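Enquirer: sequence below, structure please.
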Amino acid sequence: MSARKARAERLRLWRAERAVDRMRGLDRKVFLAIRVDEMRYPEIAERFGISVAEVEKHFAASLRIMMSAMDEKDPWWWRFRLW
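Expert: Okay, here's the model as predicted:
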């Protein structure tokens, strides 16, 4: 892997982590349950005591946050970040 590709992957990971940090409440819990724990919507609904429609709503909200974070331009200071 070239240095440029490695830097791009680190940037994508950093943006994803920052997006998850921005999520609040059930948006974050639902997102992590789906993406990390690989749970299904009915399981999540039962776990948090909400309807499947609410699970869909919270997941959609978390995906909007994630997409906006991934579309951001590189911060000016990024080129000085040490790994």
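
Enquirer: endpoints of stretch 16-34, how far apart?
Expert: Across stretch 16-34, the terminal residues are separated by 15 Å (Cα to Cα, to the nearest Å).

Enquirer: got the buried residues for it?
Expert: Burial within stretch 16-34, assessed by neighbour count using 16 or more other Cβ atoms under 10 Å, is assigned to 19-20, 23, 26-31, 33-34. Using the backbone N, CA and C atoms, a C-beta is placed for each residue, glycine as well.

Enquirer: same list, these, but as JSON lines with secondary structure and distance to Ala6 please.
Expert: Shown next, in JSON lines, are the buried residues of stretch 16-34 (DSSP: H, G, I helix; E, B strand; the rest coil; distance: Cβ to Cβ, whole Å):
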{"residue": "Ala19", "secondary structure": "helix", "distance to Ala6": "21"}
{"residue": "Val20", "secondary structure": "helix", "distance to Ala6": "21"}
{"residue": "Met23", "secondary structure": "coil", "distance to Ala6": "27"}
{"residue": "Leu26", "secondary structure": "helix", "distance to Ala6": "35"}
{"residue": "Asp27", "secondary structure": "helix", "distance to Ala6": "30"}
{"residue": "Arg28", "secondary structure": "helix", "distance to Ala6": "28"}
{"residue": "Lys29", "secondary structure": "helix", "distance to Ala6": "32"}
{"residue": "Val30", "secondary structure": "helix", "distance to Ala6": "31"}
{"residue": "Phe31", "secondary structure": "helix", "distance to Ala6": "26"}
{"residue": "Ala33", "secondary structure": "helix", "distance to Ala6": "30"}
{"residue": "Ile34", "secondary structure": "helix", "distance to Ala6": "28"}
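
Enquirer: closest to Gly49 out of those?
Expert: Leu26 (10.4 Å; Cβ to Cβ).

Enquirer: pretty sure Ala61 is touching Gly25, no?
Expert: No: using Cβ atoms under 8 Å, Ala61 is not in contact with Gly25; the gap is 9.7 Å.

Enquirer: run through the helices of this protein in chain order.
Expert: With DSSP state H as the criterion, the chain has helices at 3-22, 25-35, 41-48, 52-70.

Enquirer: so what secondary structure elements neighbour the longest one?
Expert: Which is helix 3-22. Contacts defined by 3 or more Cβ pairs under 8 Å, 6 or more residues apart in numbering; DSSP states H and E place helix 3-22 against helix 25-35, helix 52-70.
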